[in-house]
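Quick one, what's the 3D model for this:
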Amino acid sequence: MENGRCAWHGGLTPKGDDWHKPRWPDRDSPAAEQKLQRKLRDLERAAKKRAVRVAAMTPEELERYKRWHQVRRPGSAKRRAAAKRDREAAASVRTMLAEIDGTEMQSQGGRPNEHQQRGKRRRASCPDVFD
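Next up, the predicted model:
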């Protein structure tokens with residue numbers, strides 16, 4: 001909603017630099033200590049449930065889970081936006097390189113030349129700097 005509250009449960013949903021970070025209770029509140037302890041218990045309970053769920057994952061699910069968290073790290077909105085732009089640029093470069101490789105192969109009559117084969121082997125053996 002426009003006021004920052006969730007349409008389903010009415011709680012504040014942090015955006016920008018506070019995205020995916022816990023919201024701590026107002027320290028001036030008369031029940032601040034109780035709210036803080038409850039929040040800490042809830043976070044600990046969620047961490048335990050998450051650990052059980054992660055331990056039960058298959059290797060493919062675990063890899064997908066880690067990749068999801070690698071892309072969606074909490075932090076400043078500026079840093080997340082820059083990382084997103086970098087990923088999009090890397091995907092664009094990969095697409096262009098694949099098109100160039102295909103075009104050069106077509107000009108050679110469909111057969112890759114020695115230089116192209118060497119480049120492909122080199123790219124396959126090196127880690128991808130765009131990820």
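
all strands for the protein, in order.
Using DSSP state E, no strands are assigned anywhere in the chain.

Just the helices from this structure, written as ranges.
32-55, 59-71, 77-107, 114-125 (DSSP state H).

which one of the ones you listed has the lowest average pLDDT?
Set side by side, those give their lowest mean pLDDT on helix 114-125, at a mean of 68.

Count residues in the vicinity of the residue nearest to Arg5 when sequence neighbours are not counted, would you?
Distance criterion CB to CB, 6 or more residues apart in numbering; nearest residue to Arg5, sequence neighbours excluded, is Leu12 at 5.9 Å. Where you see a C-beta, it was placed from the backbone N, CA and C, and this is true even at glycine. Around Leu12 there are 11 other residues, counting by other CB atoms under 10 Å.

quick one, what contacts Lys21?
Pro14, Pro74 (CB atoms under 8 Å, 6 or more residues apart in numbering).

Find the residue at the geometric middle of the protein.
Of all residues in the chain, the one closest to the mean position by CA atoms, centre = their mean is Val71, 1.3 Å from it.

my guess is that one contacts Asp86, does it?
No: between Val71 and Asp86 there is no contact under CB atoms under 8 Å: 11.0 Å.

The residue nearest to Arg5 contacts Gly4, correct?
Yes: under the criterion of CB under 8 Å, Leu12 makes contact with Gly4 at 5.4 Å.

picking that back up, the residue nearest to Arg5: what's it in contact with?
Gly4, Arg5, Cys6, Arg23.

Please dump those into JSON lines; it should also carry pLDDT for every row.
Shown next, in JSON lines, are those (pLDDT from 0 to 100):
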{"residue": "Gly4", "pLDDT": "70"}
{"residue": "Arg5", "pLDDT": "74"}
{"residue": "Cys6", "pLDDT": "75"}
{"residue": "Arg23", "pLDDT": "81"}
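
could I get those as JSON lines with neighbour count and distance to Arg94?
JSON lines is the format used below for those (neighbours: other CB atoms under 10 Å; distance: CB to CB, whole Å):
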{"residue": "Gly4", "neighbour count": "10", "distance to Arg94": "38"}
{"residue": "Arg5", "neighbour count": "12", "distance to Arg94": "40"}
{"residue": "Cys6", "neighbour count": "10", "distance to Arg94": "37"}
{"residue": "Arg23", "neighbour count": "11", "distance to Arg94": "38"}
